[in-house]
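Participant: based on what follows, work out the 3D shape:
(chains A and B)
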There are 2 protein chains.
Amino acid sequence: MSQMSFSISETDGPARRGRLDTAHGAIDTPAFMPVGTAATVKAMTPGAVAQTGAQILLGNTYHLMLRPGAERIDRLGGLHRFMNWPGPILTDSGGFQVMSLAEMRKITEEGVRFRSHIDGSYHTLTPERSIEIQHLLDATITMAFDECTPYPATEKETDVSMRLSMRWAGRSKDAFKPRPGYGLFGIVQGGVFEDLRHASVEALTEIGFDGYAIGGLAVGEGQELMFQTLDFTTPVMPQDRPRYLMGVGKPDDIVGAVRRGVDMFDCVLPTRSGRNGQAWTPRGPANLRNARHADDHRPLDETCPCPACSDYSRAYLHHLIKAGEILGMMLVTWHNLTYYQRLMAGLRGAIETGSLDDFTDAFHQRRAEGDIPPL
Amino acid sequence: MSQMSFSISETDGPARRGRLDTAHGAIDTPAFMPVGTAATVKAMTPGAVAQTGAQILLGNTYHLMLRPGAERIDRLGGLHRFMNWPGPILTDSGGFQVMSLAEMRKITEEGVRFRSHIDGSYHTLTPERSIEIQHLLDATITMAFDECTPYPATEKETDVSMRLSMRWAGRSKDAFKPRPGYGLFGIVQGGVFEDLRHASVEALTEIGFDGYAIGGLAVGEGQELMFQTLDFTTPVMPQDRPRYLMGVGKPDDIVGAVRRGVDMFDCVLPTRSGRNGQAWTPRGPANLRNARHADDHRPLDETCPCPACSDYSRAYLHHLIKAGEILGMMLVTWHNLTYYQRLMAGLRGAIETGSLDDFTDAFHQRRAEGDIPPL
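Facilitator: This is a model prediction of the structure:
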């Protein structure tokens, strides 16, 4: 019996329109979660993030355990209060960042020992410690601790890695202290191999989780292989629990994954590319650094209600990005997060009305047109 | 007859409570103008700047002529529209930045030839071109083009420099096209020399301006010499026109200058120090980078209504600054600008009630207490 209610109101093919009720509020799915790595969605106030339509943020166990420290955040009242975000927060387990950021990793059955990329200090993450940290952070949704399988990897390597993650998933479940409105998600591994993905789903459902994430994708395999993997993975996942595709992705990745039955997403793309002056619109990406925008009095996206599009010209955004001004990073991030949330709202509406095919066609058609021609 | 109405409602000793009416709105004086160098108050939206209580911004001719270019801003509808700040904007003349930022300056009677610090390109600023640029920017208040006298300088050097600035002031006046609600300010030079300051005021009043700035201070002479210079300068300046002390300053500089009859100020201090994690409060400066704040759940300043103080702890601000997060720069800048505007509101209220001495005593007493003790 889950402590976290998830209900599906409509479906359109494999796509699902759902609602996840948590201790910190409801999440309409399919949902995109902005990444708040170090207890802040970079260059945004929490109020601005909420204005974009976001209902849940992601926080990073690895970053927060190193700085400012999980025990400190607990003493200060938990992550919601610390960062002034009263809504739901999902924390990752630290497994992915340990592999991508930390130095001198040593993986054993027990867990991972590593050196901080900030100050070189030594730390150990185990399933038990990862869950403890996420409890200290007061995470609404806690992720099981797993090993992020390197890509590319042979089927044998992927199998060994997945089996370790499944044992860690069981230890994560044992360490997790259930509370009403709080949940624990397991992470399906197994790379691009159908048998391994199926075995992973089986192992996780045997343990039992409040939701099921799909890990180990968007690591370089490409969209086609990612979609193929989803095609044979989501059908065997529990129907009545939310599905979360970790670290994905570009807008067209998200549309394709929603069509394959995924409910939740997170990605640094809208925030990171926003800081670099890359804007996402219904017509695809636009590089505001490009000189074509220097004299363009038009808004970035005339259909967008965000401040960057309502109050400023492309010329101004170009100027700010060229000059390295913080306001440029703020505004383009704000726009990108608004675009992502509007995309999710569009997908939810299309599933509600059974028009996901039409929505998808229109999505790809607008993108094929490309950015508006220069003046 | 000035195109810009200035009225003084109360005085308290030399201090004046005034109101300057412009084409873009009224400015209550004494006023502090946040600096929006490159068409943005760094790390702030214009809406947030307005929320702090600011009624007028400063823009930089030097920066804007180089990037994005004055003619471009004119084509895009002027600086107000470009940066989405409908209120009054004062632009400096470029004279100060040419001396402090540009490379290979060559000063002649005609003007200054220099190389851009951005791309090394050659440019010339003359009184006529500076005024033309400020017209293209649609500046509410245009500053006369002057030479910023180096400090230290001998009386002879200061005299020669001041006389050049006075000739340039006359050419600036000739080049300025008056419009209702728009104004041109002259700049008093003469370093720390009483005779030269008096001669400069005389030369400028002979030409006639809508307001009178005091230039060449806050360049390293120290507060005592700055106040001494004000003591013999403001009494001979026109009583019925606003007085603007350029580039000043720290809160105690401002309090002392208001007491000496200054009406307007600008300084990068609240924004620049905000980005470095230095916060200004009634108890003086607080360095949020300091580890003493790491576990401090209290607000930066419990009397302050800004978001940094209302929504977050010192511990969180410390974390953001240590982690180099943009939100840290945003919040501390927001707080500092709020503090400066509250200081100005306090000064205005004290002049209105004839209690400027009491206000000043309380100001210095709170500062002497220093920041709140660590927990």
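Participant: domain parsing for chain A?
Facilitator: A:5-266, A:274-369 (automatic domain parsing).
Participant: redo the ones you listed as CSV? Include mean neighbour count, mean pLDDT and distance to B:Leu204.
Facilitator: Where you see a C-beta, it was placed from the backbone N, CA and C, and this is true even at glycine. Formatted as CSV, the domains of chain A follow (neighbours: other Cβ atoms under 10 Å in any protein chain shown; pLDDT from 0 to 100; distance: least, Cβ to Cβ, whole Å):
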stretch, mean neighbour count, mean pLDDT, distance to B:Leu204
domain A:5-266, 20, 96, 44
domain A:274-369, 20, 98, 34
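Participant: residue contacts, the residue lying closest to A:Gly111 once chain neighbours are set aside?
Facilitator: Leaving aside its chain neighbours, A:Gly111 sits nearest to A:Thr126 (3.2 Å; criterion: Cβ to Cβ, 6 or more residues apart in numbering or on different chains). Applying Cβ atoms under 8 Å, 6 or more residues apart in numbering or on different chains, we find A:Thr126 in contact with A:110-112, A:145, A:171.
Participant: show me the two of these that sit farthest apart.
Facilitator: Farthest pair in those (Cβ to Cβ) is A:Val112 and A:Arg171. Separation: 13.2 Å.
Participant: looks to me like A:Glu10 is in a helix.
Facilitator: No - read with DSSP: H, G, I helix; E, B strand; the rest coil, A:Glu10 is strand and lies in no helix.
Participant: if I pick it, what's in contact with it?
Facilitator: The contact partners of A:Glu10, by Cβ under 8 Å, 6+ apart, come to A:16-17, A:351-352, A:354.
Participant: kindly recompute the last result at 6 Å.
Facilitator: A:17, A:351-352 (Cβ atoms under 6 Å, 6 or more residues apart in numbering or on different chains).
Participant: roughly how far does it sit from A:Thr126?
Facilitator: 41 Å (Cβ to Cβ, to the nearest Å).
Participant: and what of A:Gln239?
Facilitator: For A:Gln239, the distance to A:Thr126 - Cβ to Cβ - is 32 Å.
Participant: for chain B, what are the nearby residues on chain A?
Facilitator: A:38, A:40, A:42-43, A:68, A:76, A:82, A:84, A:297, A:311-312, A:315-316, A:319, A:323, A:325-327 (Cβ under 6 Å from any Cβ of the partner chain).
Participant: quick one: which of those residues sit in helices?
Facilitator: Among those, the members falling in helices (DSSP state H) are A:82, A:311, A:315-316, A:319, A:326-327.
Participant: and which of the contacts of A:Thr126 is nearest to chain B?
Facilitator: Comparing these against chain B with Cβ to the nearest Cβ places A:Val112 closest, at 22.6 Å.
Participant: what residues are up against that closest one?
Facilitator: By Cβ under 6 Å, 6+ apart, the neighbours of A:Val112 are A:98, A:105, A:125.
Participant: that one bridge partners, please.
Facilitator: A:Ile107, A:Leu125 (DSSP bridges).
Participant: swap in A:Gln278?
Facilitator: The partner residues for A:Gln278, given DSSP bridges, come to A:Asn287.
Participant: gap between it and A:Thr45?
Facilitator: 22 Å.
Participant: next one: A:Cys267
Facilitator: A:Cys267 is 20 Å from A:Thr45, by Cβ to Cβ.
Participant: cool, A:Gly18 as well?
Facilitator: Relative to A:Thr45, and taking Cβ to Cβ, A:Gly18 is found at 28 Å.
Participant: equivalent analysis for A:Cys304, please.
Facilitator: 19 Å.
Participant: again with A:Arg167
Facilitator: Distance from A:Arg167 to A:Thr45, by Cβ to Cβ: 41 Å.
Participant: now do A:Ala102
Facilitator: From A:Ala102 to A:Thr45 the distance is 30 Å (Cβ to Cβ).
Participant: which residue ranges form the helices in the stretch 51-200 of chain A?
Facilitator: A:61-66, A:70-75, A:79-83, A:95-100, A:127-137, A:155-175, A:194-207 (DSSP state H, counting those that start in this stretch).
Participant: please name whichever of those helices is nearest to B:Arg72.
Facilitator: Here helix A:79-83 is closest among the helices of the stretch 51-200 of chain A (Cβ to Cβ), at 39.1 Å.
Participant: tell me the contacts of A:Gly111?
Facilitator: Per Cβ under 6 Å, 6+ apart, neighbours of A:Gly111: A:124-126.
Participant: among the residues you listed, which one lies nearest to chain B?
Facilitator: A:Leu125 (19.9 Å).
Participant: that closest one: what's it in contact with?
Facilitator: Applying Cβ under 6 Å, 6+ apart, we find A:Leu125 in contact with A:94, A:111-112.
Participant: repeat that for 7 Å
Facilitator: A:94, A:98, A:111-112, A:145 (Cβ atoms under 7 Å, 6 or more residues apart in numbering or on different chains).
Participant: tell me the one of those residues nearest B:Asp253?
Facilitator: Closest to B:Asp253, out of all of these and judged by Cβ to Cβ, is A:Gly94, at 48.7 Å.
Participant: would you check that the closest one makes contact with A:Thr61?
Facilitator: Yes - assessed by Cβ atoms under 7 Å, A:Gly94 is found in contact with A:Thr61 at 3.8 Å.
Participant: shared neighbours, these two?
Facilitator: By Cβ under 7 Å, 6+ apart, the residues touching both A:Gly94 and A:Thr61 are A:Ser130.
Participant: nearest residue to the closest residue to chain B within the stretch 151-300 of chain A other than its sequence neighbours?
Facilitator: Residue nearest to chain B within the stretch 151-300 of chain A (Cβ to the nearest Cβ): A:His297, separated by 5.6 Å. Nearest non-adjacent residue to A:His297, counting by Cβ to Cβ, 6+ apart: A:Ser313, 4.7 Å away.
Participant: distance check, the one you found against A:Met329.
Facilitator: 17 Å.
Participant: what angle separates the helix or strand hosting A:Val332 from helix B:326-352?
Facilitator: Element membership for A:Val332, per DSSP states H and E: helix A:326-352. For helix A:326-352 against helix B:326-352, the angle between stretch directions is 120 degrees (axes from the mean of the first three to the mean of the last three Cα atoms, to 10 degrees).
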